[in-house]
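In: Here is my input, please return the structure:
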Amino acid sequence: MEEKWNEKKRHILLAAMKLFAANGYVQTTMQEIAEACKMSKGSVYQQFSSKEALLLDIFKFFFKRLNDGMQLVERERQLGPRERLERKILVCLHLWIEYPEFFTMQMRENGGFVNQEIRDYLKWMDTEISMFFMDSLVGIYGDGYAPYAPEGVLLLSSLLSTYMGLQLVEKITLRPDEVCSHILHIVDAVAERVLREKPRPLLNESNWPRLKEVCARNAKSAHPLLLVKRCRERLERLSEGEARNEALESLTVLEQELVEIRPRRVIVLGMLANLKRSPELADLLAELKAACKQAGLVSR
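Out: Numbering: from 1, shown residues only. Got it, this is the predicted structure:
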């Protein structure tokens with residue numbers, strides 16, 4: 001039943017995303033969304049309390065797909081900084097190709113994006129995406145590039161958005177690998193020049209206060225899914241018996257919950273409590289709980 005419920009919710013999200021892209025968020029009604037899903041309006045409201053809640057979950061759905069892709073890249077320890085950045089760019093490009101309606105929806109003039117919770121989430125999402133690229137840029141160009149890294153992220157993300165927009169609006173066809181290669185060529189050229197000439201960065205914490213938040217959060221904890229993986233690997237290596245199997249089952253339930261659009265706190269808290277019975281996980285469990293707090297999944 002849970003799988004069917006989740007599939008129904010995803011079906012509504014994707015249908016609404018297409019309608020918002022085609023007609024605009026303000027112009028689209030919940031009745032039209034219900035008709036596109038071949039459901040009653042009441043069934044849609046059972047999943048989403050309002051159109052604003054539906055829009056917010058579209059952003060959360062997309063960001064979760066993006067974040068999971070980025071975390072898969074981070075798990076590949078053998079990658080160097082440049083390869084890691086290439087993979088991250090490709091994650092963005094392939095996701096936008098998979099969900100062009102999401103990008104189109106954002107390109108439209110949507111006066112409906114005025115809900116404070118949505119604005120706050122978009123700001124948070126933008127900060128998280130900036131951090132995905134910040135470390136890779138500094139890793140490639142060295143510590144001397146750190147003052148220019150925020151502007152490097154802006155350049156990179158602007159190029160990504162521009163090329164994706166051209167493909168959607170002008171209907172041109174560009175391969176993700178060639179877009180990635182060209183973007184990196186431009187970013188390389190700019191980085192080489194700023195490192196040589198060392199101009200004063202245009203952006204700083206006084207004229208862009210949120211920059212302080214971006215830099216401070218750049219040292220964030222590992223993603224909860226990565227920590228779940230580490231817990232499983234340790235249990236499989238160090239433990240045996242019924243207690244080990246119960247802990248592995250709790251990790252499986254927790255992992256399944258973490259990939260949901262809106263993980264249920266009661267499930268997350270319950271599985272974390274179960275894992276306290278495994279003393280060999282004490283240090284990883286502390287990291288996992290901190291990561292869940294940062295993601296807003298447990299009380300602070």
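In: shaky segments in the protein?
Out: The chain contains residues with pLDDT under 70 at 1-5, 77, 109-114, 213-222, 239, 261, 298-300.
In: Domain-wise, how is it divided?
Out: Here the domain parsing of the chain from automatic domain parsing is 57-219, 224-294.
In: As CSV, these with mean neighbour count would be great.
Out: The way it works is simple: take the backbone N, C-alpha and C, and place the C-beta from them, glycine included. Converted to CSV, those look like this (neighbours: other C-beta atoms under 10 Å):
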stretch, mean neighbour count
domain 57-219, 15
domain 224-294, 16
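In: Only alpha carbons, please: show the one helix or strand L195 maps to as CSV.
Out: Assigned by DSSP states H and E, L195 falls within helix 176-197. This file holds the C-alpha atoms of helix 176-197, laid out as CSV (Å, rounded to 0.1, in the frame of the first residue of the first chain):
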residue,chain,number,x,y,z
PRO,A,176,25.8,16.6,-22.3
ASP,A,177,29.5,15.6,-22.5
GLU,A,178,30.3,18.4,-25.0
VAL,A,179,28.4,20.9,-22.9
CYS,A,180,30.3,19.8,-19.8
SER,A,181,33.7,19.9,-21.6
HIS,A,182,33.0,23.4,-23.0
ILE,A,183,31.8,24.8,-19.7
LEU,A,184,34.9,23.5,-18.0
HIS,A,185,37.1,25.1,-20.7
ILE,A,186,35.5,28.5,-20.0
VAL,A,187,35.8,28.1,-16.2
ASP,A,188,39.4,27.0,-16.7
ALA,A,189,40.3,30.1,-18.7
VAL,A,190,38.7,32.5,-16.2
ALA,A,191,40.3,30.7,-13.2
GLU,A,192,43.7,30.9,-14.9
ARG,A,193,43.4,34.6,-15.5
VAL,A,194,42.1,35.5,-12.0
LEU,A,195,44.9,33.4,-10.4
ARG,A,196,47.5,35.2,-12.6
GLU,A,197,46.1,38.8,-12.1
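In: So what touches it?
Out: Outside helix 176-197, the residues that touch it by C-beta atoms under 8 Å, 6 or more residues apart in numbering are 82, 85-86, 89-90, 93-94, 97, 137, 140-142, 144-145, 148, 152, 155-156, 159-160, 163.
In: wouldn't M164 be in contact with H94 here?
Out: No. At 11.0 Å, M164 and H94 do not qualify as touching, with contact defined as C-beta atoms under 8 Å.
In: how long is stretch 275-285 end to end?
Out: Length of stretch 275-285, first residue to last, C-alpha to C-alpha, to the nearest Å: 7 Å.
In: Tell me where the stretch 101-250 of the chain has helices.
Out: For the stretch 101-250 of the chain, the helices defined by DSSP state H, counting those that start in this stretch cover 116-141, 149-169, 176-197, 210-216, 224-238, 242-258.
In: Save those as a markdown table, and put in distance to K8 too.
Out: Formatted as a markdown table, the helices of the stretch 101-250 of the chain follow (distance: least, C-beta to C-beta, whole Å):
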| stretch | distance to K8 |
| --- | --- |
| helix 116-141 | 23 |
| helix 149-169 | 28 |
| helix 176-197 | 31 |
| helix 210-216 | 36 |
| helix 224-238 | 24 |
| helix 242-258 | 17 |
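In: list the buried ones in the host helix or strand of K18?
Out: Assessed by DSSP H and E, K18 sits inside helix 2-23. Across helix 2-23, burial judged by 16 or more other C-beta atoms under 10 Å covers K8, K9, I12, L13, L14, A15, A16, M17, K18, L19, F20, A21.
In: from those, which is closest to E236?
Out: When the buried residues of helix 2-23 are compared for distance to E236 (C-beta to C-beta), K9 wins out at 32.9 Å.
In: Chain neighbours aside, what residue packs nearest to that closest one?
Out: Q47 (5.0 Å; C-beta to C-beta, 6 or more residues apart in numbering).
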